[in-house]
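1. coordinates for the following, if possible.
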Amino acid sequence: MRKQLASLMLTFIFCVTAVVPGFAANVNIPAADKIKAMEVMLYGAAQEGSLVERMDNIEYDVNGLTTSESILERADDMYNYLKGKPEDGGAAFVTRLNTVEWRLNESMSGGPAKARIEVVEKLLNGKAADGALSIRLEELLEVVSYEGGVVPVQEVTLPKDSVIKVEFTKELGNKISKVGDEVGFKAADNLYVNDVLVLPKGATGVGKVKKVVQPGMFGKDGRVDVDFMFINGVDGTHIPVFVGELAKQQAKSYAGAAGAAIGGMIILGPVGVIGGAFVKGSSVVIPEGSVTYVQTSEDVIMQGVVYTE
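-> Sure, this is the predicted structure:
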């Protein structure tokens, strides 16, 4: 009986949650899920081992040391530092990393943070550095003109129905796509609220293939319908998006006669690809690099980066 009670208490402890603003605003996240999310953010995949071992590794990689607080406190503090709102109210680690890339290339690459830092270090210095990721990121911010590694941020509201130009990052088509397949896309331009950057060019988004229609009799063309889900803001906030009427109007205006209507979207292909090239025989293909528009489905409160010369 005591073993059962102990097991229940342990389960309860690791399921205790806290509201985390920013990356996962207003969502209760168990400690184990926070650790997994941090590992995916840092390394690209969840790691093996006990929760304590995994938390030790995260702390050591980020700060160069480990702490002795409870696993819950450690997970909360590190999650807020990496993906939420740090205690000092400044920019989170993910916001600062996105800002480094944006200042250097006016775009954001996405992917594991550790690898992204190494890429920037090699670009600037010819080789990746050693040591704690937090210190290395601060040094990179100094290089791109943020004194002391401090990025000026401001909480803003990205209004509902804000229109966003996006670019597909992988080819789709009725011959190669299946219902449920993940659809990758990215922001084609920077998006600001006044002078506050909320969505950098290159920010990645996630969608799914909602429906695939194969060519039929009497000249019926194939079709691929996409359910756009969200795009990542500069602070890691998931910004919910969809193809609404405003997005369709903007896409139609932008694409003109060169656009193609596919699955409720108006799409303009990469340079040199005109509308008719999307349809091959009676099959349909959406090439990588094709452009369309989406719009936000709700007001989104988020942390943006204040634009500075």
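
2. which neighbours does the host helix or strand of Tyr192 have in its sheet, and in what orientation?
-> Element membership of Tyr192, judged by DSSP states H and E, is strand 191-193. Paired neighbours of strand 191-193 in the sheet (DSSP bridges): strand 196-199 (antiparallel).

3. domains in the protein, by residue range?
-> Using automatic domain parsing, the domain ranges for the chain come out as 2-82, 93-151, 156-306.

4. with mean neighbour count and mean pLDDT added, can I get those in a markdown table?
-> Glycine gets a C-beta too; all of them are placed from N, C-alpha and C. What follows is the domains of the chain, written out as a markdown table (neighbours: other C-beta atoms under 10 Å; pLDDT from 0 to 100):
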| stretch | mean neighbour count | mean pLDDT |
| --- | --- | --- |
| domain 2-82 | 16 | 76 |
| domain 93-151 | 17 | 92 |
| domain 156-306 | 18 | 86 |
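
5. confirm Val284 sits in a helix?
-> No - the assignment for Val284 (DSSP: H, G, I helix; E, B strand; the rest coil) gives strand, which keeps it out of a helix.

6. secondary structure class for the residue nearest to Ala113 when sequence neighbours are not counted?
-> Spatial nearest neighbour of Ala113, excluding adjacent residues (C-beta to C-beta, 6 or more residues apart in numbering): Leu42 at 5.1 Å. Secondary structure assignment for Leu42 (three-state DSSP): helix.

7. might one say that Leu42 is in contact with Ile58?
-> Yes - at 6.8 Å, Leu42 and Ile58 qualify as touching, with contact defined as C-beta atoms under 8 Å.

8. residues touching the residue minimising distance to the centre of the chain, list them.
-> Centroid-nearest residue in the chain, with C-alpha atoms, centre = their mean: Asn232, separated by 3.4 Å. Applying C-beta atoms under 8 Å, 6 or more residues apart in numbering to Asn232 gives the contacts 110, 203-205, 238-239.

9. which residue is the nearest non-sequential neighbour of Gln203?
-> Not quite, residue 203 is Ala, not Gln. Nearest to Ala203 is Ala187, by C-beta to C-beta, 6+ apart, at 4.4 Å.

10. who is that neighbour paired with across the strands?
-> Those that pair with Ala187 in a beta bridge, by DSSP bridges, are Val166.

11. contacts only, for it.
-> 108, 164-167, 199-203, 205, 231.

12. show me where the stretch 101-250 of the chain has helices.
-> Secondary structure of the stretch 101-250 of the chain (DSSP state H, counting those that start in this stretch): helices located at 113-125, 133-143, 245-255.

13. show me what the second one is packed up against.
-> If I follow you right, that is helix 133-143. Here helix 133-143 touches helix 51-63, helix 93-105, helix 113-125, going by 3 or more C-beta pairs under 8 Å, 6 or more residues apart in numbering; DSSP states H and E.

14. restricting to C-alpha, output the following helix or strand past the first one in CSV.
-> If I follow you right, that is helix 51-63. Sequence order places helix 71-82 as the next helix or strand after helix 51-63, per DSSP H and E. In CSV, the C-alpha atoms belonging to helix 71-82 read as follows (Å, rounded to 0.1, in the frame of the first residue of the first chain):
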residue,chain,number,x,y,z
ILE,A,71,13.5,19.1,-10.3
LEU,A,72,10.3,21.2,-10.5
GLU,A,73,12.1,24.4,-9.7
ARG,A,74,14.9,23.7,-12.1
ALA,A,75,12.6,22.8,-14.9
ASP,A,76,10.5,25.9,-14.4
ASP,A,77,13.4,28.3,-14.2
MET,A,78,15.2,26.9,-17.2
TYR,A,79,12.1,26.7,-19.3
ASN,A,80,11.3,30.3,-18.5
TYR,A,81,14.9,31.3,-19.4
LEU,A,82,14.9,29.4,-22.7
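
15. so can I have JSON lines of the contacts of Asn232 showing distance to Gly304?
-> Below are the contacts of Asn232 laid out as JSON lines (distance: C-beta to C-beta, whole Å):
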{"residue": "Gly110", "distance to Gly304": "18"}
{"residue": "Ala203", "distance to Gly304": "12"}
{"residue": "Thr204", "distance to Gly304": "17"}
{"residue": "Gly205", "distance to Gly304": "17"}
{"residue": "His238", "distance to Gly304": "15"}
{"residue": "Ile239", "distance to Gly304": "11"}
